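Chemist: I'll drop the sequence and a predicted model, then ask my questions.
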Amino acid sequence: MDTYHVVLYIHFLALFVGIGAGAVLLVCLFQLRTAQTLADAVPWGTVAGKTERAFPIAILGLFGSGAYMTSDVWTWGTGWIYISLAGLVLISLQGPLVGGRTGKELERALHANGPGPLGPKARRMTRHPGMWVTEFANLGVVFGIVWNMTQKPGVGGAVAAVVGGYVIGAALALWFSRAPHDELAAAAEPAA
Ligand code: HEM
């Protein structure tokens, strides 16, 4: 046993915290998407709001342990390391600035809706790309970084893994968050 491998273990623990919180958030989004009433939506919105608190722990844990290992054995000029660090900065900003803010907007829309069935505004907010794209694209970037960390490609390959993860994640988010057919049909019908 040496310090490097203990720190690598801590790197994994931080990753598990992030993936665990991301998985809980994913369940919350799918439950919010199908919520019909305020009572259906509120518990999942509440869990999502509390889960967000785990992300700073994961981000600081990954950065701190990664920085130690980089300084110990690798260099900061290593492509797969600095590209992944850029990916980590991207998800650290997108999470609170886009995902978190849209979550607050959803909270306000649910308050404005009041008890009972969810109206069009609140239902639209449960499928807002600001939350869905942030969640899926961030997960995609994380999986891209795991590729970089395990395969250690050159700069081009490392960028492709991070960008590819983002694009695939964003595309899946837009697919999963689209409005159900019946709602689209109702919206297209002329008012009686
Ligand atoms: C979302 C962000 C990150 C994820 C998902 C992640 C994931 C991983 C994984 C899964 C490993 C194990 C690779 C292996 O043992 O083959 C690893 C190792 C490592 N990571 Fe990260 N990491 C992240 C961020 C960072 C950052 C920001 C740095 C640098 C500042 C970094 C530096 C390292 C280093 C130096 C290793 C050791 C590589 C080795 O010894 O083979 N990581 N990371």
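Modeler: Looks like it arrived, so ask away.

Chemist: Just want the most central residue of the chain.
Modeler: residue 135 (2.5 Å; Cα atoms, centre = their mean).

Chemist: Quick one: residues contacting residue 57.
Modeler: Going by Cβ atoms under 8 Å, 6 or more residues apart in numbering, residue 57 touches 14, 17. The C-beta positions use only the backbone N, C-alpha and C, and glycine is treated the same way.

Chemist: looking at this, it is in a helix?
Modeler: Yes - remark: residue 57 belongs to a helix, assigned using DSSP: H, G, I helix; E, B strand; the rest coil.

Chemist: From the ligand, how far off is it?
Modeler: Residue 57 sits 13 Å away from the ligand, going by Cβ to the nearest ligand atom, to the nearest Å.

Chemist: where does the protein come near the ligand, residue by residue?
Modeler: 8, 11, 15, 62-63, 66-67, 69-70, 74, 81, 84-85, 88, 142, 145-146, 149-150 (Cβ under 6 Å from any ligand atom).

Chemist: Now a ChimeraX select for only the buried ones of those.
Modeler: Buried members of the residues of the chain next to the ligand, defined by 16 or more other Cβ atoms under 10 Å, are picked up in ChimeraX with:
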select :11,15,62,63,66,69,70,81,84,85,88,142,145,149
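
Chemist: Show me the residues of the chain next to the ligand that map onto helices.
Modeler: 8, 11, 15, 62-63, 66-67, 69-70, 81, 84-85, 88, 142, 145-146, 149-150 (DSSP state H).

Chemist: Can you report how many residues neighbour residue 121?
Modeler: Using other Cβ atoms under 10 Å, residue 121 has 11 other residues around it.

Chemist: typo on my end, residue 111
Modeler: With other Cβ under 10 Å as criterion, residue 111 counts 11.

Chemist: what do you get for residue 112?
Modeler: Applying other Cβ under 10 Å, we find 11 residues neighbouring residue 112.

Chemist: same thing with residue 161?
Modeler: So residue 161, with other Cβ under 10 Å, has 25 neighbours.

Chemist: Quick check: the gap between the residue in the chain that the ligand sits nearest to and residue 73.
Modeler: Closest approach between the chain and the ligand, counting by Cβ to the nearest ligand atom: residue 66, at 2.3 Å. Remark: distance between residue 66 and residue 73 (Cβ to Cβ, to the nearest Å) = 12 Å.

Chemist: what does residue 126 give?
Modeler: Residue 126 is 46 Å from residue 73, by Cβ to Cβ.
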